[in-house]
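>>> generate coordinates for the sequence data below:
(chains A and B)
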Protein chains: 2
Amino acid sequence: MIGDAAEDPACEATGRPDGLPESLAGLADRLDRALSLRLSTVAPVSLQAAIKSATHGGKRLRPKMALWFGKCWGVDPSAAEGMACLTEWLHSSFLIQDDIQDGDEWRRDQPTLWKSLGIPIALNAADWLLSAVYLEVAQISTSDAIRSKLLTAVQDVHRRTVVGQQLDLDSRANPDFNLDRYEHAVQWKTGRYLALGMVGVAILAEFPDSSVELLWKVGDQLGPAFQIQDDLLDMTRSKGRGGQIGNDIREGKPSILFAHALERGDLSAHDRSLLIEVMAKPRHQTTEKDVHWVIELCRSCGAIDFAREQARCRAKDAVGQFGQIPGITTDVQDSFEQLAKFAVERNR
Amino acid sequence: MIGDAAEDPACEATGRPDGLPESLAGLADRLDRALSLRLSTVAPVSLQAAIKSATHGGKRLRPKMALWFGKCWGVDPSAAEGMACLTEWLHSSFLIQDDIQDGDEWRRDQPTLWKSLGIPIALNAADWLLSAVYLEVAQISTSDAIRSKLLTAVQDVHRRTVVGQQLDLDSRANPDFNLDRYEHAVQWKTGRYLALGMVGVAILAEFPDSSVELLWKVGDQLGPAFQIQDDLLDMTRSKGRGGQIGNDIREGKPSILFAHALERGDLSAHDRSLLIEVMAKPRHQTTEKDVHWVIELCRSCGAIDFAREQARCRAKDAVGQFGQIPGITTDVQDSFEQLAKFAVERNR
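Modelled structure (predicted):
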């Protein structure tokens, strides 16, 4: 089994269910306090309840990266917390919208927000979270010059992720989908978004522009690596969807596995046509048999091995690029390496 | 007929179908160029097409206010255009989301975006528009200190409008809805949002904080006045919904008319209970007969007269408050007065 804990010494070694590196895992309480403090003042209570429900749980990797690297780079703790919270608000907003767009009914083993409270309330919560992203930028304790840089970074990630989502939507069950198109979409949708917390604290730490640019490039590798591992996990383990695997297949998600199978899978005309047909089916028409057939096809045509290799190569490249940033200490380099390892070896 | 052009000398006098004061109407081409220039670079084309469709048409009052007052107050034209565009992006994003939340199928006599392209694409377009709001703030030609003030203003309006929308959603078909609740919701949802373009250029013109605060208060009056006129028009004229009147009744919108009827309408127990029942009905179950019964009830119980009076008083107060801002010239005061007149006397 891909990503099975039994095959994952790195995850097993931590002894924690989320498998996060200790440096990041130890920040959970501090992050929780910063998020809770902000949410406690949201009114009306109906909105607060919706937002609390949408931001509950998850690995919270992105905000923990902001706290961790903020600490490494001597950023004012309250500013790093602001940066951490804004990445969590942005992520939560995207998840609410993704779930509506994909018709997903489960997230983190709970009903999704639109499913439990309806689309109008879910949309409003997603919109509040976006306003909260920019409230953090407006209020973060820094100079106006740095705030301008931060705003540029945050809105750029926001916009890129939306463009990436559009490329993703346009590729759903598209017979012309291939590895080039996958690469284009994943670079827009995933790269900068995963790195935002880390880059944000580098901006707050007044890193030179060239170092900030290198950090974005690290994200361009690490983000897709993280995403590919997600795609692999969906084929083997339920990702918080009440025990259901193959959710990406049900929603026709244009993943690297689908791209590889179509472009390099050497499929028979029958298998190729059936694959496209399954990916194009509305979610509720996709059968268990369809899902298992696609998983087996991805295994036999080499798509799973290819994806696993891709994730590992990209994580390795990210580590190499991280090391090129002037002034990075060995300790910080080591912790980034653990993080990259986690991204592609985690089992949830 | 309320707001009928035949009763509206102010609108008739302009000779233009939108009835906008000449100062604002004359800015249409300049605004169109600024918006088109920005949209021409949006990729992929599927996203560009969705956004163009969502931003097409409408009175564009808010961005024109930014251009007009920007000109009055000597703001750099390109900065005023940035401010104008961001108000249009914010407004268009809210409209897309509103239409999804309300299940509205028509807007500006065209199918709504979710209706024509589906909820996933519509949501993504709304999200892109929000990112574009903050791109304008990031790129506007001004000092970093002014940019920080502008960011605070923009995100505050964004957040307030979302909170107002929540209060509105919570009040749908609520038997306890009353004028206090209406006032609370409309202040959050409408006031600052209408004034944003005007306040934004005042910030860019480096008005003192006390004057900016006065301008917000002007919006707190003018925004609800504008909204009340919208509510009145919905009862007498189709607001771009393919000839259909009473759309607010179909969606159970908690308007000032509904609040007045429930609280001060002196309704019989039967009428009160029937009114709540009609407002609570899902849109597709509301009949033509229901709609006409509610309109007649609002007329006979004095809700329509009350709303009309409220709109006029608030517009008058807005004009009075505008005049208190130090340094406002007679010309600018006159053009604001025309604008306030338009807000409550327009027939579309």
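
>>> shaky segments in chain A?
In the predicted model, chain A carries pLDDT under 70 at residues A:1-18, A:238-243.

>>> can you show me the strands along it?
For chain A, applying DSSP state E gives strands covering A:106-107, A:110-111.

>>> who does the first one pair up with?
If you go by DSSP bridges, strand A:106-107 pairs up with strand A:110-111 (antiparallel).

>>> which outside residues touch the partner strand?
A:53, A:56-57, A:105, A:116, A:240 (Cβ atoms under 8 Å, 6 or more residues apart in numbering or on different chains). All C-beta spots, glycine's among them, are computed from the backbone N, C-alpha and C.

>>> sorry, back to before: mean neighbour count added to the strands of chain A, as TSV?
Formatted as TSV, the strands of chain A follow (neighbours: other Cβ atoms under 10 Å in any protein chain shown):
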stretch	mean neighbour count
strand A:106-107	20
strand A:110-111	16
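
>>> out of these, nearest to residue B:336?
Counting by Cβ to Cβ, residue B:336 lies closest to strand A:106-107 out of the strands of chain A; the figure is 48.4 Å.

>>> mind listing the helices for the stretch 1-150 of chain A?
A:9-14, A:22-25, A:28-39, A:45-55, A:61-72, A:77-102, A:113-117, A:119-139, A:144-171 (DSSP state H, counting those that start in this stretch).

>>> quick revisit: most neighbours among the contacts of strand A:110-111, which one?
residue A:53 (20 neighbours; other Cβ atoms under 10 Å in any protein chain shown).

>>> which residues touch the nearest residue to it once chain neighbours are set aside?
Nearest non-adjacent residue to residue A:53, counting by Cβ to Cβ, 6 or more residues apart in numbering or on different chains: residue A:113, 6.1 Å away. Each residue near residue A:113 by Cβ under 8 Å, 6+ apart is listed here: A:50, A:53-54, A:96, A:99, A:107, A:121-122, A:125.

>>> just the contacts of strand A:110-111 now: which is nearest chain B?
residue A:53 (14.1 Å; Cβ to the nearest Cβ).

>>> these two touch, right, the closest one and residue A:116?
Yes: counting by Cβ atoms under 8 Å, residue A:53 does reach residue A:116; the two are 7.1 Å apart.

>>> does residue A:147 really touch residue B:144, like I thought?
Yes: in this structure, residue A:147 is within contact of residue B:144 by Cβ under 8 Å, at 7.0 Å.

>>> ok, those two, which is more surrounded?
Set side by side, residue A:147 and residue B:144 show more neighbours around residue A:147, with 22 against 14, by other Cβ under 10 Å.

>>> get me the contact residues on the stretch 1-150 of chain A for chain B.
A:43-44, A:46-47, A:97, A:100-102, A:119-121, A:123-124, A:127-128, A:130-132, A:134-135, A:137-138, A:143-145, A:147-148 (Cβ under 8 Å from any Cβ of the partner chain).

>>> among the residues you listed, name the buried ones.
A:46-47, A:97, A:100-102, A:119-121, A:123-124, A:127-128, A:130-132, A:134-135, A:137-138, A:147-148 (16 or more other Cβ atoms under 10 Å in any protein chain shown).

>>> residues making contact with stretch A:97-104?
When contacts are defined by Cβ under 8 Å, 6+ apart, stretch A:97-104 is touched by residues A:107, A:112-115, A:119, A:122-123, A:126, A:165, A:169, A:241, A:247, A:251, A:253, A:283, B:119-120, B:123-124, B:127.

>>> now do stretch A:36-56
A:35, A:85, A:88-89, A:92, A:95-96, A:108, A:110, A:113, A:116-117, A:121-122, A:124-126, A:128-129, A:132, B:162-163, B:166-167, B:169-170.

>>> and those, which of them are buried?
A:35, A:85, A:88-89, A:92, A:95-96, A:110, A:113, A:117, A:121-122, A:124-126, A:128-129, A:132, B:162-163, B:166-167, B:169-170.

>>> from chain B, how far out is the residue lying closest to residue A:164 once chain neighbours are set aside?
Taking Cβ to Cβ, 6+ apart, and ignoring the residues beside it in sequence, residue A:164 has residue A:189 as its nearest neighbour in space, at 2.5 Å. From residue A:189 over to chain B the distance is 11 Å, taken as Cβ to the nearest Cβ, to the nearest Å.

>>> I'd say residue A:189 and residue A:166 touch.
No: with contact defined as Cβ under 8 Å, residue A:189 and residue A:166 do not form a contacting pair (9.1 Å).

>>> pretty sure residue A:164 sits against residue A:183.
No: using Cβ under 8 Å as the test, residue A:164 is too far from residue A:183 to be in contact (11.2 Å).

>>> more neighbours: these two, which one.
Taking other Cβ under 10 Å, residue A:164 and residue A:183 do not tie; residue A:164 has more neighbours (20 against 13).

>>> residues in contact with that one?
Going by Cβ under 8 Å, 6+ apart, residue A:164 touches A:185-190.

>>> tabulate these (TSV), appending neighbour count.
As requested, the contacts of residue A:164 are arranged in TSV below (neighbours: other Cβ under 10 Å):
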residue	neighbour count
A:185	25
A:186	24
A:187	17
A:188	22
A:189	22
A:190	24
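
>>> what about the residue in the stretch 201-348 of chain A that chain B sits nearest to, neighbour count?
For the stretch 201-348 of chain A, the residue closest to chain B is residue A:251, as judged by Cβ to the nearest Cβ, at 10.5 Å. For residue A:251, the neighbour count with other Cβ under 10 Å is 20.
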